[in-house]
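Peer 1: please find the sequence and the predicted model below.
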Amino acid sequence: MQNKALGYLSFAFISLVWGTTYLVTRIGVMHFPAILFTGIRNASAGLLLLLVLLLFRIKYQWTWENIYPQLVSGFFILALGNGMVSWSLHYIPSGLSALLCTLVPINMIVISLVTEKSRKASWHIFVGLVFAITGMGFIFRDNIADIARPEYLLGIVSTIAATISWSLGSVYSKSKSNTGSPLYKAAIQLLTGGLVLLVVSPFSEDWSHLPVPDTATILALLYLVVIGSSLAFAAYQYALSTLPAGVVSVYAYINPLVALLLGYSLLGERLTWFTFTAFIFTAAGIFFINEGYKRQKKKEKQLPSSPEQDDIRIRDYEPSLQPYFEKFNKAWLEEYFTVEPIDKFVLENPQEAILKDGGKILFVEYKGTIIGTVALRKVGDDSYELTKMAVDRAYRGLGAGKLLCQAAINEARLLNARSVILYSQTALPVALGIYRKMGFVDIPLEQGKYKRADVKMEMKLNYSSTSASDCDKSFSDHTPRKLCFFHRR
């Protein structure tokens, strides 16, 4: 419950803070070159985040395959996207900028529809686009007199171009392998975007008469680096790890409203009923488009709902399945960390390391293909360690990891275990969130178990009311009930 409460606090934090960044950026660039200001902000935030990660010894695979996508994403999202938004705030109000930036999720869906052949526009997406376009119409109607001024029009066009660049970078990033710590990815992207802007600034801005930063500019920069970038992103990751993604995504609807109210209250920016109408229509558009996209993704990734289809089943260990156990786990470890000597021994000798002492190894098979594995290692008379869980990259997103985790817990019950422990890493916030939702709680970590582990969790198994119905509650609706205890071959 504490974790969830902190998750909601993190959500509230990003909803408020990211709504303030438009106004604070506008204050920062009023008397200082915008591109230079934004370059310093992004580079400083990236460097700060990188130093924190290194200080806490969070590991990352520094390979070109992992770094290159972050360089490209950083260029499009933070150099072009964030850079153009900051520059445009010289000419347009912060509230208007925030409203225009709501185009980002809409652009992303449209780009996905164009680039992914299998993606089709549902009625939700069509209605969402109509609402969004109507919202943009109200924005332009509200600013029709100002648009006659070239610099104002340039600010609007620049912001719209920024949303397209941001969307392209985001879609590109999602299309690449999602490996490694998301915090490292953010640090690399921030550094990339910041350094590009610092290189561009002397060629696009007049450095011959650089103003001495006043107090407002310095405070704005510090706020954006420490709170707007570093702390807010950490809060965002924590919120994602403890709350449903749908809840966290609501921040995108709150940010523009915060920006509009702050711009009106502190900078005297104009606020009319056209503005609020534009906000309502645009927010409705985002909602419908996201809803349509989520429904499509759910249909594509949904596991079979009928056990008679026999598409998915949990299987016990057989010697012939050892290569899958080794392959999946090695691939996962190499993505995120390194294969330690203890890992190598366990993966190559599961009989000796796990099974001979009363442990279990389970596999999930989908349409005849082994796609994931998990192990239960006996660590005491009535305690087991949930370990070596990995899913083939090609099948991630089907819910196989959660399925394996619950199957292992049910197996531990059958073995009369009183508790199940596991070791994990703060660099895996989504996995930690799943464990906590399933009933695992954080406990003190002893030293020396795994070099990569900085989190230890435990689930106490209560047998007072264990039944098939309890099992049904633990699984998602698409999981066959038989699978809970008996659907293994």
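Peer 2: Yes, it's here.

Peer 1: could you use CA atoms for every contact and neighbour count after this?
Peer 2: Fine.

Peer 1: helices of the stretch 351-489 of the chain, start to end?
Peer 2: Here the stretch 351-489 of the chain has its helices, by DSSP state H, counting those that start in this stretch, at 400-414, 429-438, 468-474.

Peer 1: how about the stretch 1-150 of the chain?
Peer 2: 2-29, 34-55, 64-74, 83-88, 94-100, 103-115, 123-142, 150-175.

Peer 1: how far does the last one sit from the chain's center?
Peer 2: Mean-position distance between helix 150-175 and its chain equals 21 Å (Cα atoms, centre = their mean, to the nearest Å).

Peer 1: again, but for the third one
Peer 2: Between the mean C-alpha location of helix 64-74 and the chain-wide mean there is a distance of 17 Å, by Cα atoms, centre = their mean.

Peer 1: for it, name the packing helices and strands.
Peer 2: Counting by 3 or more Cα pairs under 8 Å, 6 or more residues apart in numbering; DSSP states H and E, the packing neighbours recorded for helix 64-74 are helix 150-175, helix 182-204.

Peer 1: just say which of those helices is most tucked in.
Peer 2: Compared across the helices and strands packed on helix 64-74, helix 182-204 shows the largest average neighbour count, a mean of 22 (mean count of other Cα atoms under 10 Å).

Peer 1: extract the C-alpha set from it and format it as PDB.
Peer 2: The C-alpha trace of helix 182-204 is given here as PDB (Å, rounded to 0.1, in the frame of the first residue of the first chain):
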ATOM      1  CA  PRO A 182      15.500   3.400 -19.000                       C
ATOM      2  CA  LEU A 183      17.400   5.800 -16.900                       C
ATOM      3  CA  TYR A 184      20.600   5.300 -18.900                       C
ATOM      4  CA  LYS A 185      18.600   5.700 -22.100                       C
ATOM      5  CA  ALA A 186      17.300   9.000 -20.800                       C
ATOM      6  CA  ALA A 187      20.800  10.200 -19.800                       C
ATOM      7  CA  ILE A 188      22.200   9.400 -23.200                       C
ATOM      8  CA  GLN A 189      19.300  11.100 -25.000                       C
ATOM      9  CA  LEU A 190      19.500  14.200 -22.800                       C
ATOM     10  CA  LEU A 191      23.300  14.400 -23.300                       C
ATOM     11  CA  THR A 192      22.900  13.900 -27.100                       C
ATOM     12  CA  GLY A 193      20.200  16.600 -27.400                       C
ATOM     13  CA  GLY A 194      22.100  19.000 -25.200                       C
ATOM     14  CA  LEU A 195      25.400  18.700 -26.900                       C
ATOM     15  CA  VAL A 196      23.800  19.100 -30.400                       C
ATOM     16  CA  LEU A 197      22.200  22.300 -29.300                       C
ATOM     17  CA  LEU A 198      25.400  23.600 -27.700                       C
ATOM     18  CA  VAL A 199      27.100  23.000 -31.000                       C
ATOM     19  CA  VAL A 200      24.300  24.600 -33.000                       C
ATOM     20  CA  SER A 201      23.900  27.700 -30.800                       C
ATOM     21  CA  PRO A 202      27.000  29.700 -31.800                       C
ATOM     22  CA  PHE A 203      26.000  29.400 -35.500                       C
ATOM     23  CA  SER A 204      22.400  30.300 -35.000                       C
END
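
Peer 1: rewinding a little: nearest to Gly285, of the helices and strands packed on helix 64-74?
Peer 2: Comparing the helices and strands packed on helix 64-74 against Gly285 with Cα to Cα, the closest turns out to be helix 150-175 (15.8 Å).

Peer 1: mind listing residues that contact stretch 139-155?
Peer 2: 87-92, 96, 272, 274-275, 278 (Cα atoms under 8 Å, 6 or more residues apart in numbering).

Peer 1: can you say which of the residues you listed are buried?
Peer 2: Among the contacts of stretch 139-155, those classed as buried by 16 or more other Cα atoms under 10 Å are 87-92, 96, 274-275, 278.

Peer 1: which among those gets closest to Ser204?
Peer 2: The closest of the buried ones among the contacts of stretch 139-155, once distances to Ser204 are taken by Cα to Cα, is Trp87, at 11.1 Å.

Peer 1: one step back: distance to Phe75 and pLDDT added to the buried ones among the contacts of stretch 139-155, as JSON lines?
Peer 2: Output for the buried ones among the contacts of stretch 139-155, formatted as JSON lines (distance: Cα to Cα, whole Å; pLDDT from 0 to 100):
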{"residue": "Trp87", "distance to Phe75": "16", "pLDDT": "93"}
{"residue": "Ser88", "distance to Phe75": "18", "pLDDT": "92"}
{"residue": "Leu89", "distance to Phe75": "20", "pLDDT": "90"}
{"residue": "His90", "distance to Phe75": "22", "pLDDT": "86"}
{"residue": "Tyr91", "distance to Phe75": "23", "pLDDT": "89"}
{"residue": "Ile92", "distance to Phe75": "24", "pLDDT": "90"}
{"residue": "Leu96", "distance to Phe75": "24", "pLDDT": "85"}
{"residue": "Phe274", "distance to Phe75": "34", "pLDDT": "83"}
{"residue": "Thr275", "distance to Phe75": "31", "pLDDT": "82"}
{"residue": "Ala278", "distance to Phe75": "30", "pLDDT": "84"}
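
Peer 1: could these go into CSV alongside distance to Leu36?
Peer 2: Below are these laid out as CSV (distance: Cα to Cα, whole Å):
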residue, distance to Leu36
Trp87, 10
Ser88, 13
Leu89, 14
His90, 13
Tyr91, 17
Ile92, 19
Leu96, 22
Phe274, 34
Thr275, 31
Ala278, 32
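
Peer 1: just flag the most distant two among those residues.
Peer 2: Spanning the widest gap among those are Trp87 and Phe274, at 24.9 Å by Cα to Cα.

Peer 1: for the stretch 101-250 of the chain, give me the ranges with low pLDDT.
Peer 2: Filtered on pLDDT under 70, the stretch 101-250 of the chain yields the residue ranges 116-121, 176-181, 237, 240-241, 244-247, 249.

Peer 1: among the helices and strands packed on helix 64-74, which is nearest Gly39?
Peer 2: Relative to Gly39, the nearest member of those by Cα to Cα is helix 182-204, separated by 4.0 Å.

Peer 1: check which helices and strands that closest one sits against.
Peer 2: Counting contacts by 3+ Cα pairs under 8 Å, 6+ apart, helix 182-204 is packed against helix 34-55, helix 64-74.

Peer 1: which one of those helices lies nearest to Val379?
Peer 2: helix 34-55 (31.4 Å).

Peer 1: tell me how many other residues surround Glu411.
Peer 2: 19 (other Cα atoms under 10 Å).

Peer 1: just the pLDDT at it, thanks.
Peer 2: What the model reports for Glu411 is a pLDDT of 91.

Peer 1: any idea how far the spatially closest residue to Tyr251 that is not a sequence neighbour is from Ile106?
Peer 2: Excluding the flanking residues, the one nearest Tyr251 by Cα to Cα, 6 or more residues apart in numbering is Ser15, at 4.7 Å. According to Cα to Cα, to the nearest Å, Ser15 and Ile106 sit 19 Å apart.

Peer 1: then Ile92?
Peer 2: With the distance defined as Cα to Cα, Ile92 ends up 22 Å from Ile106.

Peer 1: next: Arg149.
Peer 2: From Arg149 to Ile106 the distance is 27 Å (Cα to Cα).

Peer 1: now do the closest residue to Tyr366 other than its chain neighbours: how many residues are near it, please.
Peer 2: Nearest non-adjacent residue to Tyr366, counting by Cα to Cα, 6+ apart: Ile312, 4.4 Å away. Neighbours of Ile312 under the rule other Cα under 10 Å: 26.
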